[in-house]
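Enquirer: no sequence on this one, just coordinates:
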Ligand code: FE
């Protein structure tokens, strides 16, 4: 055995226990995203569109992320339905202002362009969403803004449902049963 081979063998022996430990630990994206109440303002059959921005809107907010299985596999063609209050804290219960749905791409990505959800009495700032992997159960939940003063006073708010917000973009990865 040459010294080079011996060195390689030694390196492989040293590396093996670590390699075994790493592969024994299944990749996990955590438990399923918690479910939350739909609230009183859901309207079915929202339009399919990725921009909910209305004419004359002064600001933009992008909501984007992934839909994943608990084993971190991207879920393609998952439905993501979004609805939220307008700048005045009102829901459009007759039409579809600030309501829309999209489907994830092959990498499990979704993206909406909208505005920061308006505030209304009794709640902290939030988005409503329904997420559904193809032919699976619908996950209804809500997303929150980190650092929002109303979070601490809102009995429904959960810190694990806060988006990661960077300037005008909020990121949230949903974990669903798929
Ligand atoms: Fe609401």
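Expert: Right, received. Where do you want to start? The structure presented is a predicted model; accordingly, all values stated were derived computationally and were not measured.

Enquirer: where exactly do the helices run in this protein?
Expert: Using DSSP state H, the helices found in the chain span residues 3-24.

Enquirer: what about it, any weak spots by pLDDT?
Expert: 1-26 (pLDDT under 70).

Enquirer: Would you map the strands across it?
Expert: Along the chain, the stretches classed as strands by DSSP state E are 61-68, 79-83, 99-103, 109-114, 126-132, 139-144, 164-166, 169-171, 174-175.

Enquirer: can you put those in TSV and add mean neighbour count and distance to residue 54?
Expert: Yep, even glycine has a C-beta here, placed from its N, CA and C like the rest. Listed next are these as TSV, based on neighbours: other CB atoms under 10 Å; distance: least, CB to CB, whole Å:
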stretch	mean neighbour count	distance to residue 54
strand 61-68	21	13
strand 79-83	23	14
strand 99-103	20	11
strand 109-114	20	9
strand 126-132	23	16
strand 139-144	22	20
strand 164-166	13	21
strand 169-171	17	19
strand 174-175	22	26
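
Enquirer: of those, which approaches residue 35 most closely?
Expert: Closest to residue 35 of the strands of the chain is strand 139-144 (CB to CB; 5.7 Å).

Enquirer: could you give the angle of the closest one to strand 61-68?
Expert: Interaxial angle, strand 139-144 versus strand 61-68 (axes from the mean of the first three to the mean of the last three CA atoms, to 10 degrees): 140 degrees.

Enquirer: ok, residue 137 to residue 49 distance?
Expert: Distance, residue 137 to residue 49, by CB to CB, to the nearest Å: 24 Å.

Enquirer: the more surrounded of these two?
Expert: residue 49 (14 against 11; other CB atoms under 10 Å).
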